[in-house]
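Colleague: predicted model and sequence follow; I will ask about them next.
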Amino acid sequence: MRLEPVLGDEPADVFRALRAAVDGDGPALGLGMVGELPVEVRPGTAVVVTTSGSTGIPKSVILSRDALTASALATADRIGDGAWLLALPVSYVAGLQVLVRSLVAGREPRVLAGAFSPQAFADAALAMLGAARAPSYTSLVPAQLARLLDAADHDSAVRTAVGSFEAILVGGQAMPPALLDRAQDAGARVVRTYGSTETAGGCVYDGTPLRGVSVRIEHGEVQVAGPVLAEGYLGDRELTDAAFRRDHAGTRWYRTGDAGLVEDGVLRVHGRLDNVIVSGGVNISLDRVERIVRSVPGLSDAVVVGVADERWGEASVIVAPRGEVLRRSESVQLDEARAAVKESIGPHARPSRLIIVDELAMLASGKPDRETIRRTVAALH
């Protein structure tokens, strides 16, 4: 079976090609591909999504028709069926799944015109509301939701739009509790999702696995099984074998690399197992430090990265976008962040610096580009 590149990222073109790929009438699609195409892939492959993630290391994830449709059907089973608004890049699995869910529902997706903005989002959402043919849904990353809520404070159209959806799926990165509270106060029905390209998108909603999906914790790592799993990585058998393992019963599990636990049937993810520095001989989870830092007023969008440190070996640094952080001095905000981290984790985990930037480097998915941010900080450090 041939894998062919998608030229450009025009959603209408991708939607047509995706329909043929999912139906089995056309070639598999290569989204964000690097290297030479076309190439041959296994029968049943619908899409290969190449993403560098936040680490900067490209991976080409093979997704079958069965995995994509299993995910779409399980989503409909959980939150209902209806019309979808595409507000994410189609080269990102969450955007791709908006198209797949639309295919499965037999509906044309509504596509946000141009670059994302609260006004463009409101126009598209209110047009869907005016049609009133079916419940509406969309998928966002936290940064988009935050922009909408900021605009909703003074724009009634945006506020109405935010509250018009039966559900807004929010994933791609951890969602700060304060942002969830703001969304609920604005009337948004938010569903927090957890998953990755390797699981055909979100597979755990509000901590509970979708139908057919199983979650377990092995040695502190979140692992996922079910019909939504990818086939593996294109051209990388070693990486595939390391990430996808079968147990003694033959069940295939995806090793997410995330730390977590299951309490009363609810999955709680604590961050990346490998996002750890050793400072003064003590292991420190940067994800945990970042969650605490983001609870400090003015640092809700901050990113915490690790850099080399002459005294401690490694140290954590807070990087925050210019804006609310400037309402108080940087030294005061750093002191508040260090105090919060000391209280929650201990003095060994306190960040060493606060760096203010005009804007954070971001990936197309809406996540912070941590590797670029880390390299920038390292150059300054």
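Modeller: Sure thing, it's come through.
Colleague: for the biggest strand by length in the chain, C-alpha coordinates in CSV please.
Modeller: For the chain, the strand with the greatest residue count under DSSP state E is strand 252-263. C-alpha atoms of strand 252-263 as CSV (Å, rounded to 0.1, in the frame of the first residue of the first chain):
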residue,chain,number,x,y,z
ARG,A,252,-0.3,-5.1,23.4
TRP,A,253,0.5,-2.1,25.6
TYR,A,254,1.8,1.3,24.7
ARG,A,255,4.4,2.7,27.1
THR,A,256,3.6,6.4,27.4
GLY,A,257,6.7,7.5,29.3
ASP,A,258,4.3,9.5,31.6
ALA,A,259,4.3,9.1,35.4
GLY,A,260,0.9,8.6,37.0
LEU,A,261,-1.4,6.6,39.2
VAL,A,262,-4.9,5.3,39.2
GLU,A,263,-7.1,6.3,42.2
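Colleague: got the contact list for the helix or strand just after it?
Modeller: Per DSSP states H and E, the first helix or strand lying C-terminal to strand 252-263 is strand 266-272. Contacts to strand 266-272, defined as CB atoms under 8 Å, 6 or more residues apart in numbering, come from residues 174, 194, 204, 206-209, 215, 222, 257-262, 285-288, 290-291. No exception for glycine: its C-beta is placed from N, CA and C like everyone else's.
Colleague: these in strands, which ones?
Modeller: Among the contacts of strand 266-272, the members falling in strands are 194, 204, 208-209, 215, 222, 257-262, 285 (criterion: DSSP E).
Colleague: where do the strands sit along the stretch 101-250 of the chain?
Modeller: If DSSP state E, counting those that start in this stretch is used as the criterion, the strands of the stretch 101-250 of the chain fall at 110-111, 136-140, 167-170, 190-196, 201-205, 208-209, 214-218, 221-225, 232-233, 244-246.
Colleague: does anything pack onto the longest one? Which helices or strands?
Modeller: Helices and strands touching strand 190-196, as assessed by 3 or more CB pairs under 8 Å, 6 or more residues apart in numbering; DSSP states H and E, comprise helix 93-105, strand 167-170, helix 177-185, strand 201-205.
Colleague: quick revisit: and the contacts of strand 266-272, which are buried?
Modeller: Buried members of the contacts of strand 266-272, counted by 16 or more other CB atoms under 10 Å: 174, 194, 204, 207, 209, 215, 222, 258-260, 285-288, 290-291.
Colleague: farthest pair within these?
Modeller: Spatially, the most separated pair among these is 209 and 286, at 26.7 Å (CB to CB).
Colleague: low-confidence regions, this protein specifically.
Modeller: Counting by pLDDT under 70, the ranges of the chain that qualify are 7-9, 33-38, 52-57, 132, 324-328, 381.
Colleague: and for the most centrally placed residue in it, nearest residue in space, chain neighbours not counted?
Modeller: For the chain, the residue nearest the mean C-alpha position is residue 172 (1.0 Å; CA atoms, centre = their mean). Of all residues not flanking residue 172 in the chain, residue 141 sits nearest, at 4.2 Å (CB to CB, 6 or more residues apart in numbering).
Colleague: so how far is residue 360 from the one you found?
Modeller: As judged by CB to CB, to the nearest Å, residue 141 and residue 360 stand 13 Å apart.
Colleague: again with residue 96
Modeller: 24 Å.
Colleague: of those two, who's got more company?
Modeller: residue 96 (26 against 19; other CB atoms under 10 Å).
Colleague: show me the contacts for the more buried one.
Modeller: By CB under 8 Å, 6+ apart, the neighbours of residue 96 are 14, 18, 31, 47, 49, 68, 90, 201.
Colleague: mind listing the strands the longest strand of the chain pairs with, and their directions?
Modeller: strand 221-225 (antiparallel), strand 244-246 (antiparallel), strand 266-272 (antiparallel) (DSSP bridges).
Colleague: now the shortest one, how far from the chain's geometric center?
Modeller: Meaning strand 244-246. Chain-centre distance of strand 244-246: 23 Å, with CA atoms, centre = their mean, to the nearest Å.
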